[in-house]
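# my questions are about this predicted structure, shown below with the sequence.
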There are 2 protein chains.
Amino acid sequence: MTTSDLYEAMRTQRAVRRIRPDPVPDDVLQRIFEAATYAPTGGNQQAWRMIAVTDPALKEQLGALYAGQWQPFSDNYRKAAETMDADAAAAMDRTLAAGDHLAANLGRVPVVVIVCFKPSGLAVTDIDQERVPVVGGGSIYPAVQNLMLAARAEGVGCVLTTLLCMSEPAVKKMLNIPDDWATAAMVPLGYSVGVGYGPISRKPVDKLFCQDQWDQAWDAHP
Amino acid sequence: MTTSDLYEAMRTQRAVRRIRPDPVPDDVLQRIFEAATYAPTGGNQQAWRMIAVTDPALKEQLGALYAGQWQPFSDNYRKAAETMDADAAAAMDRTLAAGDHLAANLGRVPVVVIVCFKPSGLAVTDIDQERVPVVGGGSIYPAVQNLMLAARAEGVGCVLTTLLCMSEPAVKKMLNIPDDWATAAMVPLGYSVGVGYGPISRKPVDKLFCQDQWDQAWDAHP
């Protein structure tokens, strides 16, 4: 198979926080959702579900909850920006302004996806380590990434957010999520106000990959 | 952009546990690793690193550790298979035999990727919920999924495994991983003994997606 579409989708997968209210056609949503279903999960358990929220009243309520978490979160970043150099502060300002826009407009985003998972369906192999467990996410976020890559490829903007997990009990009540399920992310989906994709800023391979030992960069490969 | 490569990669991304010792060319590995770097992370922190283990002695040692965790794990599944119907038991047998092969041959897999992360670099927004946290994985497993999708597209087999997290202290010592970093996965990479990709068995969209409320399937969409 060829690889150009795949790499282009990955290379241009920007976080899109300014989303237009225009509807996303059902066939496009169907393909994006199918992409999520393909993802691997531990023991092929697929102990995740996604709720596609399209009801305006529910989206407004989610937006109010999200805005409540976003406010103190963004205040901290605004304070941190005061001690940054001008370029970093300007970049932070742009991100925070886009986040403000998302928080204020969530009710008008066409589809707000709430990602759920069943803790008892996950084999959390790092539960006994002396640090925060992450392995449960290994059976959830590959599906989220498939969803987001498909959205990018379909020209639909989105962003992976997790602040709403701090309001999990309220979200569960609002969407009728059973007691033995939990929430892992919120992904708003819709067409971007601006271009919505393009170059991303990431560390290069030799800063993120080592060879054989921690202190040996991959570019040391013979 | 077109979407065919992307969806084909996702739709055929099987777990590959029988891997040939033939080397993977450096340019192919470079593209696979670059794909991982593109993934989104919370606050663009990229608080992950991957160690590509190619040294035969180190791979043997990782294989011995992995086999030690695989044995009791697979014994449990073999016991569970005794009460399954014939088809399910046969499928389980095939998966377990492939897992046995991986455990016995890890030293001969060309590249064994150990995925690391820095707990203090993650915003774990679900740390206070009364269930196992997963959100830290939201800044790690999208990169792992990018790596695996790129591998699939390049014809390189791989599988996401997490059993080795149970031996994290030994793995950290072996690879010189700093105290304030941890491990999230092991992904063996190489060409498959068999076809290595093809149809996957997953639940359909209407079993995994709801609309507006938990008990309302997405196919209820008007």
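Cool, got the structure. Bear in mind that the values here come from a model prediction, so they are computed numbers and not experimental data.

# report pLDDT for whichever residue of chain A sits closest to chain B.
Going by Cβ to the nearest Cβ, chain B is nearest to A:Gly137 of chain A, at 1.7 Å. Just so you know, the C-beta spots here come from the backbone N, C-alpha and C atoms, and that holds for glycine as well. The pLDDT attached to A:Gly137 in the predicted structure is 98.

# was I right to think it contacts B:Ala143?
No: in this structure, A:Gly137 is not within contact of B:Ala143 by Cβ atoms under 8 Å, at 11.7 Å.

# now the longest helix belonging to chain A: buried residues?
The single longest helix within chain A, with elements called by DSSP state H, is helix A:56-81. Using 16 or more other Cβ atoms under 10 Å in any protein chain shown as the test for burial, helix A:56-81 gives A:58-59, A:61-63, A:65-70, A:73-74, A:81.

# how far out from the middle of the chain is that helix?
15 Å (Cα atoms, centre = their mean, to the nearest Å).

# helices or strands next to it in the packing?
Helix A:56-81 sits against helix A:86-105, strand A:111-117, helix A:168-175, with contacts defined as 3 or more Cβ pairs under 8 Å, 6 or more residues apart in numbering or on different chains; DSSP states H and E.

# centroid-nearest residue for chain A?
A:Leu160 (1.2 Å; Cα atoms, centre = their mean).

# show the contacting residues for the nearest residue to A:Ala170 once chain neighbours are set aside.
Nearest residue to A:Ala170, sequence neighbours excluded (Cβ to Cβ, 6 or more residues apart in numbering or on different chains): A:Leu65, at 5.8 Å. Listed by Cβ atoms under 8 Å, 6 or more residues apart in numbering or on different chains, the contact set of A:Leu65 reads A:164, A:167, A:170-171.

# what do you get for A:Val109?
Per Cβ under 8 Å, 6+ apart, neighbours of A:Val109: A:19, A:21, A:59, A:102, A:188-190.

# hmm, which two among those are most spread apart?
For those, the farthest-apart pair by Cβ to Cβ is A:Pro21 and A:Leu102; their separation is 12.9 Å.

# who's more crowded, the two?
Between A:Pro21 and A:Leu102, A:Leu102 has the larger neighbour count (other Cβ atoms under 10 Å in any protein chain shown), namely 22 against 12.

# isn't the more buried one right up against A:Val159?
Yes: counting by Cβ under 8 Å, A:Val159 is a contact partner of A:Leu102 at 7.4 Å.

# got any residues that touch both of these two?
A:17, A:188.

# remind me which residues of chain A are low pLDDT?
Low-confidence segments of chain A (pLDDT under 70): A:1-2, A:220-222.

# does the lengthiest strand in it reach chain B?
Scanning chain A for the strand with the most residues, using DSSP state E, yields strand A:182-190. Yes: shown here: strand A:182-190 in contact with chain B (Cβ under 8 Å from any Cβ of the partner chain) through A:182-185.

# secondary structure element for A:Ile200?
Assigned by DSSP states H and E, A:Ile200 belongs to no helix or strand.

# leaving out sequence neighbours, find the closest residue to it.
A:Arg14 (5.7 Å).

# my guess is that neighbour contacts A:Gly196, does it?
Yes: A:Arg14 lies in contact with A:Gly196 (Cβ under 8 Å); the separation is 6.9 Å.

# skipping adjacent residues, who's closest to A:Pro188 in space?
Nearest one to A:Pro188, counting by Cβ to Cβ, 6+ apart, is A:Val109 at 4.3 Å.

# stretch A:33-52: how far from the chain's middle?
That offset, for stretch A:33-52, works out to 15 Å (Cα atoms, centre = their mean).

# meant to ask about stretch A:83-100
For stretch A:83-100 - counting by Cα atoms, centre = their mean - the centre lies 20 Å from the chain centre.

# and it, which residues are buried?
A:92, A:95-96, A:98-99.

# same question for stretch A:178-191.
For stretch A:178-191, by 16+ other Cβ under 10 Å, it's A:181-191.

# how far out from the middle of the chain is it?
The answer for stretch A:178-191 is 10 Å, by Cα atoms, centre = their mean.

# can I have it written out in PDB, keeping just the CAs?
Coordinates of the C-alpha atoms in stretch A:178-191 are reproduced here as PDB (Å, rounded to 0.1, in the frame of the first residue of the first chain):
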ATOM      1  CA  PRO A 178     -23.700   3.600  34.000                       C
ATOM      2  CA  ASP A 179     -21.900   3.500  37.300                       C
ATOM      3  CA  ASP A 180     -19.300   1.000  36.100                       C
ATOM      4  CA  TRP A 181     -18.200   3.200  33.200                       C
ATOM      5  CA  ALA A 182     -16.000   6.300  33.300                       C
ATOM      6  CA  THR A 183     -14.900   9.200  31.000                       C
ATOM      7  CA  ALA A 184     -11.500   9.600  29.300                       C
ATOM      8  CA  ALA A 185     -11.800  12.500  26.900                       C
ATOM      9  CA  MET A 186     -14.000  15.100  25.100                       C
ATOM     10  CA  VAL A 187     -13.400  15.600  21.400                       C
ATOM     11  CA  PRO A 188     -15.400  18.400  19.700                       C
ATOM     12  CA  LEU A 189     -15.800  17.700  15.900                       C
ATOM     13  CA  GLY A 190     -16.700  20.200  13.200                       C
ATOM     14  CA  TYR A 191     -15.400  22.300  10.400                       C
END
